[in-house]
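Asker: Kindly return the folded structure for what I paste below:
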Amino acid sequence: MRVFKDNFIKGLIYLAAGVTSISLIWIVVYILYRGLGSITPEFLLAMPKGGGAEGGIFSIIVITLWIVGLAVLISTPVGVCAAVYLVEYAKPGKTVRLIRFATESLSGIPSIIYGLFGMVFFQGFLRLGFSILSGALTVSIMVLPTVIRTTEEALKSVPVNYREGSLALGATKLRTIIMVILPCAVSGILASVILSIGRVVGETAALLLTAGTVQRMPSSIYDSGKTLAVHLYILAKEGISLNKAFATASVLIIVVALINLSANYLGSKLKGGNI
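Answerer: Numbers count the residues shown, from 1 in each chain. A predicted model of the protein is given here:
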């Protein structure tokens, strides 16, 4: 009976994994099938015209990369430092429980709420207006819980022997964290960055209210800009061009895949000590 239960549960796990994998593959293949045929050099390198109905998406790709880069540069150091504090320095108690409760609560807040906050605080109070910087600051707050929790788990997975050995050799706690613990946890930290990139690239509501919908090439981070996800949303919602919508979705998938592959490659190099 016990063997039957184990096999039954194992079968359910395999079934769930198979359904998830097949669904993901089907969605990606369908989008690429509908969109790759519309991707041409002109579509990638030309500037958008007529609200996106004509021309290409070059400036929109640039704006997306700017927002992703800024969001990662802002959220990663803050999130990693917060995780280091929670794992290495903070003593179990009300403060730690409160911080963890706050991060878990932030991860469940709808993106439109973040967009409203960014519109009021970054645009209104700080007077940044509709800008790439406003959008990047808003989404960096959105992904902080992901960075903190994932980095926490990565730091906890580092064996205690590594810490004890470094301290026994005379290294300070800070040096142990920087030279021993963080390099060992780099794969987990990169995983948090990849998850953050995925959420930033696919975000629409928060960026629609903070970064805006201007599609011209930005001259600085204080200019307004439209990301690929926002552009895709407008194309699909307004029914401007279904072919361009699928082409934009295909580019979005390819951009995310390239960023993730680059992050994994960098993580393997850092972990191997080749950089």
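
Asker: Is it correct that Gly79 is in contact with Thr151?
Answerer: Yes. Contact status for Gly79 versus Thr151: in contact at 6.1 Å, counting by Cβ atoms under 8 Å. (Glycine included, C-beta is placed from N, CA and C.)

Asker: Which other helices and strands does the top helix by length along the chain contact?
Answerer: Secondary structure of the chain per DSSP state H: the longest helix is helix 2-35. Helix 2-35 sits against helix 242-272, with contacts defined as 3 or more Cβ pairs under 8 Å, 6 or more residues apart in numbering; DSSP states H and E.

Asker: And the helix it packs on, what does it pack against?
Answerer: helix 2-35, helix 41-45, helix 58-84, helix 186-201, helix 228-238.

Asker: And the residue lying closest to Thr248 once chain neighbours are set aside, how far from Ile259?
Answerer: Once flanking residues are discounted, Thr248 sits nearest to Leu232: 4.6 Å by Cβ to Cβ, 6 or more residues apart in numbering. Distance of Leu232 to Ile259, given as Cβ to Cβ, to the nearest Å: 17 Å.

Asker: same thing with Ser134?
Answerer: 22 Å.

Asker: between those two, which one's more packed in?
Answerer: Taking other Cβ atoms under 10 Å, Ser134 and Ile259 do not tie; Ser134 has more neighbours (28 against 20).

Asker: The more buried one belongs to a helix?
Answerer: Yes. According to DSSP: H, G, I helix; E, B strand; the rest coil, Ser134 belongs to a helix.

Asker: Restrict stretch 200-212 to CA atoms and write it as PDB.
Answerer: Provided in PDB are the C-alpha atoms of stretch 200-212 (Å, rounded to 0.1, in the frame of the first residue of the first chain):
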ATOM      1  CA  VAL A 200      10.700  44.200 -14.900                       C
ATOM      2  CA  VAL A 201      10.600  43.300 -18.600                       C
ATOM      3  CA  GLY A 202       7.100  42.000 -18.300                       C
ATOM      4  CA  GLU A 203       5.700  44.900 -16.200                       C
ATOM      5  CA  THR A 204       3.000  47.200 -17.800                       C
ATOM      6  CA  ALA A 205       0.800  48.900 -15.200                       C
ATOM      7  CA  ALA A 206       3.500  50.300 -13.000                       C
ATOM      8  CA  LEU A 207       5.600  51.600 -16.000                       C
ATOM      9  CA  LEU A 208       2.500  52.900 -17.800                       C
ATOM     10  CA  LEU A 209       1.900  55.200 -14.800                       C
ATOM     11  CA  THR A 210       5.500  56.200 -14.200                       C
ATOM     12  CA  ALA A 211       7.700  55.900 -17.400                       C
ATOM     13  CA  GLY A 212       4.900  56.900 -19.800                       C
END
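
Asker: That'll do, ta.
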